[in-house]
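Peer 1: Okay, structure incoming, though there's no sequence with it:
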């Protein structure tokens, strides 16, 4: 993408990055790393963040951190003379939260936002994304994991079950001991535990005390990862896996910290920016 110049129709182009919000120091660090990657790829376009969670925006504001909603951020950018803005979120799939983001973008456009707003796709948008994400997931595995130790990734879940199924199929083709669960019913803990029991352990392993690795399939580390997935309580995924007789080791690391996943989001951002027709805008 060529940077806009004074003799072109685009007066000022910018980037708006979107996340649910940062509820933990690890999340803040991931946002900083992602911002650096975006600025390195698109040095000619200023980038800023907006957050979709009302609760987390309130907490961030109370802590003295800038925390605009998507609509407010876009209106602010229009006031600052940004004519074209590419919006890229850290959503995994095109589910309810992504559709709510689309509504916010449309609202900003209707209320006097930038002349052109281009929304980038979520991480898993098509077959090519699934293949790249599968490779990223394999590169994201714990270095200490021993051969044949099961690894369970846990995402939000929702209506886009096809994406989780497609990703698991792509990963399983190379490592059959990787399972993908979700916080929703489709791939809830009990279903994944049943599948863990069905996995054949190494001949010299104790099936009941076999170590299971647990990782979030979430962009940022927040409440879901800390409490619902890795929490030391009976209701968390970790607690349920241990109650089933397995040894469980949780590793809190978000996908926004993984280069392979970041590269996919950056590709979608680049495509969103390329949808701007600089010569004829």
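Peer 2: Looks like it came in fine. As the structure is a computational prediction, the values presented were derived from the model and not from experiment. Numbering: from 1, shown residues only.

Peer 1: Which strands and helices lie in contact with the one helix or strand residue 34 maps to?
Peer 2: Element membership for residue 34, per DSSP states H and E: helix 25-41. On a contact count with 3 or more CB pairs under 8 Å, 6 or more residues apart in numbering; DSSP states H and E, helix 25-41 meets strand 13-19, strand 47-51, helix 259-274. From N, CA and C alone the C-beta is placed, and that goes for glycine too.

Peer 1: buried ones in it?
Peer 2: Burial within helix 25-41, assessed by neighbour count using 16 or more other CB atoms under 10 Å, is assigned to 26-27, 29-31, 34, 37-38, 41.

Peer 1: Please apply the same query to stretch 125-144.
Peer 2: 125, 129-130, 132-137, 140-141.

Peer 1: any idea which of these is the one closest to residue 54?
Peer 2: Using CB to CB, residue 125 comes nearest to residue 54 of the buried residues of stretch 125-144, at 26.8 Å.

Peer 1: show me the contacts for that closest one.
Peer 2: By CB atoms under 8 Å, 6 or more residues apart in numbering, residue 125 lies in contact with 94, 268.

Peer 1: Next one: it from residue 275, what distance?
Peer 2: 14 Å (CB to CB, to the nearest Å).

Peer 1: What ranges in the stretch 101-250 of the chain fall below the confidence cut-off?
Peer 2: Filtered on pLDDT under 70, the stretch 101-250 of the chain yields the residue ranges 201-209.

Peer 1: So residue 160 sits against residue 96, correct?
Peer 2: No: using CB atoms under 8 Å, residue 160 is not in contact with residue 96; the gap is 9.2 Å.

Peer 1: These two: who's more crowded?
Peer 2: Under the criterion of other CB atoms under 10 Å, the comparison of residue 160 against residue 96 puts residue 160 first, with 21 against 12.

Peer 1: so what's that one closest to, chain neighbours aside?
Peer 2: residue 93 (3.8 Å; CB to CB, 6 or more residues apart in numbering).

Peer 1: so what pLDDT did that neighbour get?
Peer 2: For residue 93, the model assigns a pLDDT of 93.

Peer 1: Am I right that it is in contact with residue 126?
Peer 2: No: using CB under 8 Å, residue 93 is not in contact with residue 126, being 11.5 Å away.

Peer 1: re the thing from before, now render the helices and strands packed on helix 25-41 as JSON lines, adding distance to residue 112.
Peer 2: Below are the helices and strands packed on helix 25-41 laid out as JSON lines (distance: least, CB to CB, whole Å):
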{"stretch": "strand 13-19", "distance to residue 112": "16"}
{"stretch": "strand 47-51", "distance to residue 112": "17"}
{"stretch": "helix 259-274", "distance to residue 112": "21"}
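
Peer 1: Pick the most deeply packed of the ones you listed.
Peer 2: Highest mean neighbour count of those: strand 13-19, a mean of 24 (counted as mean count of other CB atoms under 10 Å).

Peer 1: Partner strands of that strand, with direction?
Peer 2: strand 47-51 (parallel), strand 84-89 (parallel) (DSSP bridges).

Peer 1: could you point out which element follows the longest one?
Peer 2: Counting by DSSP H and E, the element after strand 84-89 in chain order, helix or strand, is helix 96-110.

Peer 1: Now that following helix: buried residues?
Peer 2: 97-98, 101, 104-105, 108-109.

Peer 1: List the contacts of that helix.
Peer 2: Contacts for helix 96-110 (CB under 8 Å, 6+ apart): 18, 20, 52, 69-71, 74-75, 78, 87, 89, 91, 114, 117, 119, 122, 158-159.
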